[in-house]
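Student: Build the 3D model from these lines:
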Amino acid sequence: MPKNNTTKKSPRTGKTVRPELSKYAEYIRAKANQLLQVMGTSPLNPEELDDETLFELDPIGIIAESFGQILEYLKNTNRELTIAKDQLQAIFNATGVGISIIDKDFKIINCNERQRDLLVDKTVGDIRGRYCYEVYCNKESPGLDCPAIDTMATGRSVVIRDVEKKGNYFQIITSPFKDSEGNIIGAIEVLLNINEKKKTQELYHRAEKLMALGQLSAGIAHELNTPLGCILGYARLMLKDKGLDERQLERLSVIVEQAKRGSAIIKGLLSFARQTASTSKEIELKEHDIKEVILGVLKMLGSEIDKREIEVVTELKDMPPIKIDRRQIEQVLINLILNAIQAIDKKGRIEIRTGSSGGFLKIEIQDNGPGIREDIKDKIFDPFFTTKPVGQGTGLGLSICAGVISEYKGTITADNIEKGGALFTITLPILS
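Tutor: Numbering: from 1, shown residues only. Got it, this is the predicted structure:
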């Protein structure tokens, strides 16, 4: 069978193109057009670009070179995007608030390090893809008070100002998380730790309450003091009557004993009232070395400490002087150390430390007693609150301490220690 020797001529030069080259040119044109289509460019037209010219231009080589340039550009762009992503992640993690992004199924898309520190247990690994209510709230389903529900349903931001989670207080703000078309696909939760703000508010409310109770106590104490003094005086006079029988003497002794107890309560009320309504004329402010004050108090309480066989360990640093009424601060220290002694009862240990931080002197009084029950820890500075048996305490000691320290623009706090015992911390401003 004769071979097909059909030849083609170049429309541009009129030259004859061999059949095998013509097929090769068609192949090159087809592949080049595929690449051009991928690039979004118009295909090669045979009338505009004949086979001979096609060989001369080498379009595949040109396209390959272009792809090489595009690949290099993509690599540079990807590198820049990676750097930008790392920068955004660093900012995301460095913010002082917790941030979490969740989808409409309440699954965690991402969260920053601060959020993990605030709400995620240290033993938990990657939380992405897990339900936020399980990880953050230890719940089996989102609660009705969850702000993300309202945000995803309405598209509005929601603010909850006071939420307790895992032993801390937070302010929570949720905002809608939207895609490029504006559709809500989840929520962004911002978590702000307000523990310090909460403590400040509590101290302020406590000071207001102490002030009001101080005024009330002063009025009551003055009204009761006179008649109680008369009862006690006449009862003592009657006890001197030798004509009384044993039963009458016993009843008079009870009257005297209870009158004394009432007098002690009134004395506590008056002391409480003076602390909450003191003025600069009533107190004597002088510069004192707190180390010397503490050692003086320990000397006063020495017999009680020795009697109960309690070990007292001091770590008292040399500190700048503070401007105080020595009697007031001694009263505070005596109350706290006596509380520690009574909590230990016998053969325990009390540690007293001093230090400074941010312009404030710090005094720590720590014991190895039973500690403070969690359900009463927020109440121990309230006036008249006591855990002691009836007749053994008025519940004014710690409230007086709080009132005194508040007058000096300081703070007093109580905490439990992991190994057992209680820790009371006092802060007082240092003289500049």
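Student: buried ones in stretch 363-382?
Tutor: For stretch 363-382, the neighbour count (16 or more other CB atoms under 10 Å) marks I363, I365, Q366, D367, N368, G369, G371, I372, I380, F381, D382 as buried. Backbone N, C-alpha and C define where each C-beta goes, glycine included.
Student: ok, now which ones touch the most centrally placed residue in the chain?
Tutor: Geometric centre of the chain, nearest residue: N193, 4.1 Å, by CA atoms, centre = their mean. Residues in contact with N193 (CB atoms under 8 Å, 6 or more residues apart in numbering) are V97, G98, L118, N168, Y169, F170.
Student: Could you give the average pLDDT over the helix or strand where E26 lies?
Tutor: Here E26 sits within helix 19-38, counting by DSSP states H and E. For helix 19-38, the mean per-residue pLDDT is 70.
Student: Relative to A235, which of the contacts of N193 is nearest.
Tutor: Among the contacts of N193, Y169 lies closest to A235 (CB to CB), at 52.7 Å.
Student: Report the spatially nearest residue to that closest one, omitting neighbours in sequence.
Tutor: Excluding the flanking residues, the one nearest Y169 by CB to CB, 6 or more residues apart in numbering is K198, at 4.7 Å.
Student: try V159
Tutor: Per CB to CB, 6+ apart, closest to V159 is I173, 5.2 Å.
Student: coming back round to it: around the residue nearest to Y169, count how many other residues there are.
Tutor: 16 (other CB atoms under 10 Å).
Student: and what of V332?
Tutor: 29.
Student: do the same with H288
Tutor: Number of residues near H288 (other CB under 10 Å) recorded here: 17.
Student: same check, this time on I83
Tutor: Around I83 there are 10 residues (other CB under 10 Å).
Student: Give me the three-state assignment for it.
Tutor: Here I83 is recorded as helix under DSSP: H, G, I helix; E, B strand; the rest coil.
Student: what separates it from M152, distance-wise?
Tutor: Distance, I83 to M152, using CB to CB, to the nearest Å: 33 Å.
Student: And the closest residue to Q37 other than its chain neighbours, what's its pLDDT?
Tutor: Spatial nearest neighbour of Q37, excluding adjacent residues (CB to CB, 6+ apart): P43 at 6.7 Å. For P43, the pLDDT comes out at 72.
Student: now swap in the one 10 residues further on and tell me
Tutor: The score at T53 is 65. That number is its pLDDT.
Student: likewise K323?
Tutor: The model reports K323 with a pLDDT of 87.
Student: ok, how many other residues are close to it?
Tutor: Counted with other CB under 10 Å, the neighbours of K323 add up to 13.
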